[in-house]
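In: The amino acid sequence is not available; the structure is as follows:
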C-alpha cells in the first residue's frame with residue numbers, strides 16, 4: 001500500500017473522550033463482520049462480545065467508539081489504528097493482526113484520523129502525531145483456508161496439492177492469488193481463476209470453480225449472510241497465518257496487564273469458543289509464534 005508521508009503537526013485536538021479508569025474504552029471498526037459491525041442500531045461481532053465480557057469481568061463500563069476504515073490504496077489501516085489511540089479516543093483498538101510490521105515504529109510521524117461516529121465535518125482530515133504500538137496477548141488465530149463448492153463437499157484438503165485435479169479460485173491482487181500462482185512452481189496456476197473482489201463466493205456457488213483459497217473469517221461472514229449455502233469449509237490452514245489481539249499504545253495508560261489476565265482466563269476455560277459460537281464464527285486458538293515475522297517469496301510456494 002502506498003504510504004503518504006506527512007508532516008507532523010501540533011494540533012489543538014477536539015474534546016474527545018478523556019481517560020476514565022472506571023471505563024474500558026475500545027475502538028471497533030463498524031464494517032468488519034464477524035469481528036465487529038454496526039449497521040444502524042444493529043451491532044455485534046466477536047470482538048464486541050469479547051470486550052463486553054472483559055469489561056464485565058473487570059467491573060468496568062464499556063465505552064465503544066465506532067470508526068470506518070477507508071477502502072483506499074492511499075490509506076494505511078495500521079496508521080488509522082495508531083491515530084485513534086494517539087488521539088486518546090480509546091485505550092484499545094480491535095482487530096490488530098500480530099505481525100512484526102504492524103508493531104514497528106511508524107515510518108511517518110503523523111496520520112489522519114479515520115471517519116468515526118460523531119465526527120464533525122470540520123474534523124475530517126485531522127492529523128495526529130503517532131505513538132508506538134503494542135498489543136494484548138492474542139485471543140484468536142486467523143489465516144487462509146480452502147472452501148469447497150457444493151459438488152465437492154466432503155473432500156479432505158490437507159495440502160493445496162490435494163486440489164491439483166480441481167479448478168481453484170482467488171481474488172485478484174491478494175495473497176491467495178499470489179499463492180495459487182507460485183505454489184509448487186505453478187502446480188495450480190494453469191487451472192486457477194482470479195475474480196474481482198466480492199465475486200469469489202457467488203462464483204463458487206455457481207461452480208465456476210471447485211474450490212477457493214480465502215481468509216477464514218470471510219467465509220464466516222458469507223455464511224452468516226447466506227445461511228442456506230451449501231459451500232463447505234475445510235480444515236486446511238496455510239502457514240502464512242497470524243494471531244489477533246487488541247492494539248494499544250506502548251507508553252499509554254491502557255490496563256493491558258488486567259485485560260491480558262482476563263484473555264488468558266477465557267482461553268483456558270473455553271469462554272473464547274463460546275463467544276465465537278455466539279458470534280456465529282469458527283474459532284481457532286492462538287498459535288506460536290505470538291507475533292508473525294514477514295512473508296518471504298519462498299513461503300508462497302509452500303503450504
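Out: Looks like it arrived, so ask away. Quantities reported herein were computed from a predicted structural model and do not represent experimental measurements.
In: contacts and neighbour counts: CA atoms only from here.
Out: Fine.
In: Kindly tell me how buried the closest residue to residue 189 other than its chain neighbours is, as a neighbour count.
Out: Nearest in space to residue 189, with sequence neighbours left out and distances taken as C-alpha to C-alpha, 6 or more residues apart in numbering, is residue 181 at 4.7 Å. By other C-alpha atoms under 10 Å, the residues close to residue 181 number 19.
In: if I pick residue 192, what's in contact with it?
Out: Going by C-alpha atoms under 8 Å, 6 or more residues apart in numbering, residue 192 touches 167, 168, 169, 170, 180, 181.
In: go on, residue 247?
Out: 81, 92, 93, 94, 95, 96, 133, 134, 135, 136.
In: Top of those residues by number of neighbours, please.
Out: Using other C-alpha under 10 Å as the neighbour criterion, residue 92 leads these with 30 neighbours.
In: Can you check what pLDDT the model gives it?
Out: Listed pLDDT for residue 92 reads 98.
In: Just list whatever residues bridge to it.
Out: residue 26 (DSSP bridges).
In: wait, isn't it in contact with residue 252?
Out: No: between residue 92 and residue 252 there is no contact under C-alpha atoms under 8 Å: 10.0 Å.
In: How about residue 266, nearest residue that isn't a chain neighbour?
Out: Distance criterion C-alpha to C-alpha, 6+ apart; nearest residue to residue 266, sequence neighbours excluded, is residue 272 at 5.6 Å.
In: Ok, residue 285 next?
Out: residue 140 (5.1 Å).
In: cool, residue 24 as well?
Out: Leaving out its chain neighbours, the residue that sits closest to residue 24 by C-alpha to C-alpha, 6+ apart is residue 62, at 4.9 Å.
In: With residue 129 instead?
Out: Residue 129 sits nearest to residue 110 (C-alpha to C-alpha, 6+ apart), 4.3 Å away.
In: gap between that neighbour and residue 118?
Out: According to C-alpha to C-alpha, to the nearest Å, residue 110 and residue 118 sit 22 Å apart.
In: next one: residue 183
Out: 46 Å.
In: Look at these two and report which has more neighbours.
Out: Legend: neighbour count by other C-alpha under 10 Å for residue 183 and residue 118, higher for residue 183 (19 against 9).
In: Wait, that one touches residue 238, no?
Out: No: if you go by C-alpha under 8 Å, residue 183 and residue 238 don't touch, sitting 11.4 Å apart.
In: which residues are common contacts for these two?
Out: residue 303.
In: any weak-confidence spans in this structure?
Out: Within the chain, the stretches with pLDDT under 70 are 1-20, 71-74.
In: domains of it?
Out: Residue ranges for the domains of the chain, per automatic domain parsing: 23-140+243-278, 141-241.
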